[in-house]
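> below are the sequence and a predicted model; questions follow.
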Amino acid sequence: MQLPPNKKIYFASDQHLGAPTMETSLPREKKFVAWLDEVKHDAAAIFILGDLFDFWFEYKMVVPRGFVRVLGKLAEIRDSGVPIYFFVGNHDLWMNGYFEKELNIPVYHDNKEFTFNDKHFLIGHGDGKGPGDKGYKRMKKVFTNPFSKWLFRWLHPDLGVKLAQYLSVKNKLISGDADVKFLGEDKEWLVQYSKRKLESKHYDYLIFGHRHLPMNIKVGEHSSYVNLGDWITYFTYGVFDGNSFELLKYEN
């Protein structure tokens, strides 16, 4: 994609809407919707890199209650012609067609490469990548197993959603975000993962979420690892203007 003049590409991640309760996350949802309403005017595309919801599961005829403001805003923006791309996170990985059918938003379950203005991007949520994090990696295999999803689907939604919300808030192993502090470049596993990816292919920007910490770290002479932070503590987002990438804070 070549960006039209005065257009930008926006990136955001880890809103965790619904946590710890629907009531307490409502101001954050309204703030994120306000951001979407601002960036839609000059957006060439919008990327949401996972954990938009603290829990999401699509039954055949039911999706979790709530989130009408953000879903409505995404539908409005997409209907206006602005492309939106969604990458599942570890909290909303059980997506199965709702975003594609209802919102016309493609959903990706792993990293994907994009090229904008001859700049090469590797984009994903970031969970389970790189060295370490073995407990979560084992847990993710259970979550994504078709038999596990089939069993969960047989729970009544009132029970299933309540159980999942409890586990999401209480269990840091499931959340995958037990250490929300900078560990140093040599111990940040997404930094190590990015450097390893660059051994086989060049990327100008490797952009992820999941760590909840805004970071923009040089991992090569012409390559940067970017973590988008979150919309719980930092309210940060990324923007590419066709030439360079910035991490910014939404102050509204």
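That came through, no problem.
> after the lowest-mean-pLDDT helix or strand in the chain, which helix or strand is next?
Lowest on mean pLDDT, DSSP states H and E among the helices and strands of the chain sits helix 172-175, with a mean of 43. Going down the chain from helix 172-175, the next helix or strand is helix 189-198, by DSSP states H and E.
> show me what the next helix or strand after that next one pairs with in its sheet, parallel or antiparallel.
Downstream of helix 189-198, the first helix or strand assigned by DSSP H and E is strand 205-208. Its sheet considered, strand 205-208 pairs with strand 119-123 (parallel), strand 223-228 (parallel) by DSSP bridges.
> deepest of these, which one?
strand 223-228 (a mean of 25; mean count of other C-beta atoms under 10 Å). Where C-beta positions appear, they are placed from N, C-alpha and C, glycine not excepted.
> export only the CA atoms of it, formatted as PDB.
The C-alpha coordinates for strand 223-228 follow below in PDB (Å, rounded to 0.1, in the frame of the first residue of the first chain):
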ATOM      1  CA  SER A 223      14.900  -2.000  12.200                       C
ATOM      2  CA  SER A 224      12.800  -1.200  15.300                       C
ATOM      3  CA  TYR A 225      10.800  -3.300  17.700                       C
ATOM      4  CA  VAL A 226       7.700  -1.500  18.900                       C
ATOM      5  CA  ASN A 227       5.400  -2.400  21.700                       C
ATOM      6  CA  LEU A 228       2.200  -0.400  21.700                       C
END
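> let the chain start at 35 from now.
Got it, first residue is 35 now, which makes that one strand 257-262.
> contacting residues around it?
Applying C-beta atoms under 8 Å, 6 or more residues apart in numbering, the external contacts of strand 257-262 come out as 45-48, 83, 160, 224-225, 228, 232, 236-245, 247-253, 270-272, 279, 281.
> quick one: contacts for the residue lying closest to Gly160 once chain neighbours are set aside?
Computed as C-beta to C-beta, 6 or more residues apart in numbering, the closest residue to Gly160 that is not its neighbour in sequence is Phe242, at 3.3 Å. Contact partners of Phe242, counting by C-beta under 8 Å, 6+ apart, are Ser47, Leu83, Ile157, Gly158, His159, Gly160, Lys163, Leu224, Tyr259, Val260, Asn261, Leu262.
> gap between Phe242 and Lys163?
8 Å (C-beta to C-beta, to the nearest Å).
> common neighbours of those two, please.
Counting by C-beta under 8 Å, 6+ apart, the residues touching both Phe242 and Lys163 are Leu224.
> relative to Gln226, how far out is the residue lying closest to Ile266 once chain neighbours are set aside?
Counting by C-beta to C-beta, 6+ apart, Ile266 lies nearest to His50, which is 5.9 Å off, once chain neighbours are set aside. Taking C-beta to C-beta as the measure, His50 falls 25 Å from Gln226.
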